[in-house]
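Student: sequence isn't available, so here's the structure alone:
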């Protein structure tokens with residue numbers, strides 16, 4: 001099973017590969033990261049208008065609600081990873097949740113990808129898309 005950060009959720013949804021998220025995990029923080037990503041598209045980049053943003057946020061929120069979340073998060077272990085590896089506390093939270101729940105971390109964030117490899121198995125959203133192809137009966141990748 002996998003835990004998805006906000007970058008991978010956004011990319012998988014944008015590529016209409018939502019099925020890859022089924023039975024996946026995320027952390028509660030992702031709700032706010034997804035909202036912030038939509039805000040950036042409207043306010044900072046001006047690539048979509050408010051009506052489009054509302055639709056997009058509704059869809060992302062629906063996906064978020066379907067993902068499993070850890071019952072507990074270990075704040076001290078998160079901080080330890082963040083300080084040791086120079087990550088934000090937010091990014092370290094994904095790594096800690098992956099460790100604690102024995103999950104593969106799925107991220108498209110380059111720094112989180114590189115640091116995460118020290119702790120857990122890490123894939124990009126593109127890699128998980130290729131890995132989970134249903135026509136791949138013999139396991140050839």
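Tutor: In hand now; what should we look at? It should be emphasised that the depicted structure is a prediction, and the values quoted were computed from it without experimental measurement.
Student: contacts for the longest helix along the chain next, please.
Tutor: Scanning the chain for the helix with the most residues, using DSSP state H, yields helix 50-66. Contact with helix 50-66 is made by 9-10, 13, 18, 21-22, 26, 30-31, 34-35, 38-39, 41-42, 48, as judged by Cβ atoms under 8 Å, 6 or more residues apart in numbering. In this view, the C-beta of every residue, glycine as well, is placed from N, C-alpha and C.
Student: now that helix: buried residues?
Tutor: By neighbour count with 16 or more other Cβ atoms under 10 Å, helix 50-66 contains the buried residues 53, 56-57, 60, 63-64.
Student: one more: stretch 34-52?
Tutor: Neighbour count says stretch 34-52 has 34-35, 37-38, 41-42 buried, by 16+ other Cβ under 10 Å.
Student: got the end-to-end distance for it?
Tutor: Using Cα to Cα, to the nearest Å, one end of stretch 34-52 lies 14 Å from the other.
Student: any idea which element residue 39 lies in?
Tutor: Taking DSSP states H and E as the criterion, residue 39 maps to helix 30-39.
Student: what packs against that helix?
Tutor: helix 6-14, helix 50-66 (3 or more Cβ pairs under 8 Å, 6 or more residues apart in numbering; DSSP states H and E).
Student: mind putting the ones you listed in CSV, mean pLDDT and distance to residue 75 included?
Tutor: Below are those laid out as CSV (pLDDT from 0 to 100; distance: least, Cβ to Cβ, whole Å):
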stretch, mean pLDDT, distance to residue 75
helix 6-14, 97, 20
helix 50-66, 97, 21
